[in-house]
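Undergrad: Quick check, what structure comes out for this input:
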Amino acid sequence: MSQDTPTQKPAYVLITPARDEEDFAERTLSTVAAQTVPPALWVVVDDGSSDRTPEILETWRVRLPYLRIVRREKRASRSVGPGVIDTFYAGLETVDLDQYPFLCKLDLELPPRYFETMLERMARQPRLGTCSGKAYYPAPDGTLISEGVGDEMSVGAMKFYRTTCFRQIGGFVRQVMWDGIDCHRARMLGWTARSWDEPEIHVTHLRPMGSSHVGIWTGRKRHGFGQHFMGTSLAYMTASAIYRLPQRPVVVGALANWWGFVQSMLRGNERLEDPEFRTFLRRYQWSALLRGKQAAINRIEAEYADRFKPERPTRWSDKLGAAA
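TA: Residues are numbered from 1 along each chain as shown. Sure thing, here's the model as predicted:
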């Protein structure tokens, strides 16, 4: 049992997976320390780092009374998606979530009013289950490029969650596309999900979303694999790839997304075993193709409003993070 003793309400807890982050750890640590509303608890999970990350974390642990460090043995290789979520849960297992009405998975640096803004939005919108700002990444010429996450989704590297919603959807699926599945599952239960493109809550990624430590082609193919796992139809994936052709990296990124999906389909790769979710997802996707995303989201949120029951018990599993 944890020894959490949050001293303020509304209290939020941060969980940060970290591995070999010596080049960037100081930046994330300093921006959390500068938050206008600090966390009640911040759990950083050192996932077997072999660089100076443990030393940096220990230095900051002395300075930040709310910082807790959890150490894991080093895994054989970096595993984006399942590995990151496994690391996240290694931290969450040390937390008594009953003590914290809000939860955030955090992987990067933030502007100083980020959490203050998220808490204000949650207070104004009772159905808002998960939210975030928008993420950008630097181009070679120094300009910032949007990662293109839709307004109906929260960004995975800085997802802010109402704990009630997080528990009702069963937490995160331990697979690629966990950060899309969660938003759709939230809508199925009457919650809403949002991200806002506002300068005061912009966040800069040092590597583009959908890239990989082994290259952009591999990273974008992984996104296609994730869409297949989630239950996306070939028609929607093809339309999405065509729409993304002009986005950087031009043509290559969209083609890699589409090929990752098709390759997974041809290989008969596993898919999320949740027929109700797949029906919901494809209904939304067809509506988005015919009416546009915003109209499709507005329609679903209105239709599923009567399912919003904050007192509802966990739906998918009594064990957070179990696959559906």
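Undergrad: where does residue 39 land in three-state SS?
TA: When classified by DSSP: H, G, I helix; E, B strand; the rest coil, residue 39 comes out as coil.
Undergrad: got the buried residues for the strand or helix carrying residue 227?
TA: Here residue 227 sits within helix 216-230, counting by DSSP states H and E. Going by neighbour count (16 or more other C-beta atoms under 10 Å), the buried part of helix 216-230 is 216-217, 219-230. Yep, even glycine has a C-beta here, placed from its N, CA and C like the rest.
Undergrad: closest to residue 178 among these?
TA: When these are ranked by distance to residue 178 (C-beta to C-beta), residue 226 comes first, at 8.3 Å.
Undergrad: What's the mean pLDDT across stretch 140-153?
TA: For stretch 140-153, mean pLDDT is 86.
Undergrad: How far away from the center of its chain is that stretch?
TA: 15 Å (C-alpha atoms, centre = their mean, to the nearest Å).
Undergrad: still on that earlier bit, need the next SSE after the helix holding residue 227, C-terminal direction.
TA: Helix 216-230 is succeeded, C-terminally, by helix 234-243 (DSSP H and E).
Undergrad: Which positions within that following helix qualify as buried?
TA: In helix 234-243, counting by 16+ other C-beta under 10 Å, buried: 236-237, 240-241.
Undergrad: for stretch 14-31, same thing?
TA: Quick answer for stretch 14-31 (16+ other C-beta under 10 Å): 14-21, 24-25, 28-29, 31.
Undergrad: need these in TSV with distance to residue 280, secondary structure and pLDDT, can you?
TA: Formatted as TSV, the buried residues of stretch 14-31 follow (distance: C-beta to C-beta, whole Å; DSSP: H, G, I helix; E, B strand; the rest coil; pLDDT from 0 to 100):
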residue	distance to residue 280	secondary structure	pLDDT
14	30	strand	98
15	27	strand	98
16	31	strand	96
17	29	strand	94
18	34	strand	93
19	34	coil	92
20	38	coil	92
21	36	coil	91
24	37	coil	88
25	39	helix	93
28	35	helix	93
29	39	helix	96
31	36	helix	95
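Undergrad: contacting residues around the residue nearest to residue 301 when sequence neighbours are not counted?
TA: Counting by C-beta to C-beta, 6 or more residues apart in numbering, residue 301 lies nearest to residue 192, which is 5.7 Å off, once chain neighbours are set aside. Listed by C-beta atoms under 8 Å, 6 or more residues apart in numbering, the contact set of residue 192 reads 125, 127-129, 186, 301.
Undergrad: any chance you could map the helices in the protein?
TA: For the chain, applying DSSP state H gives helices covering 25-33, 53-63, 82-92, 114-124, 163-168, 178-188, 216-230, 234-243, 252-267, 275-291, 293-303.
Undergrad: Using PDB, write out the CA atom coordinates for the fifth one.
TA: It refers to helix 163-168. Output of helix 163-168 as PDB, limited to C-alpha atoms (Å, rounded to 0.1, in the frame of the first residue of the first chain):
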ATOM      1  CA  THR A 163      -9.400   9.100 -12.600                       C
ATOM      2  CA  THR A 164     -13.000   8.000 -12.600                       C
ATOM      3  CA  CYS A 165     -13.000   7.800 -16.400                       C
ATOM      4  CA  PHE A 166      -9.600   6.100 -16.500                       C
ATOM      5  CA  ARG A 167     -10.900   3.400 -14.300                       C
ATOM      6  CA  GLN A 168     -14.200   3.000 -16.100                       C
END
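Undergrad: That helix - contacts with which helices or strands?
TA: The contact analysis (3 or more C-beta pairs under 8 Å, 6 or more residues apart in numbering; DSSP states H and E) places helix 163-168 against strand 102-106, strand 128-133.
Undergrad: For it, what is the distance to the chain centroid?
TA: 14 Å.
Undergrad: again, but for the fourth one
TA: A distance of 17 Å separates the centroid of the chain from that of helix 114-124, by C-alpha atoms, centre = their mean.
Undergrad: ditto for the last one
TA: Mean-position distance between helix 293-303 and its chain equals 21 Å (C-alpha atoms, centre = their mean).
Undergrad: Enumerate the positions of it that are buried.
TA: With the criterion 16+ other C-beta under 10 Å, helix 293-303 contains buried residues 296-297, 300-301.
Undergrad: ok, back up a step: just the buried residues of stretch 14-31 now: which is nearest residue 277?
TA: For the buried residues of stretch 14-31, the nearest to residue 277 is residue 15 (24.2 Å; C-beta to C-beta).
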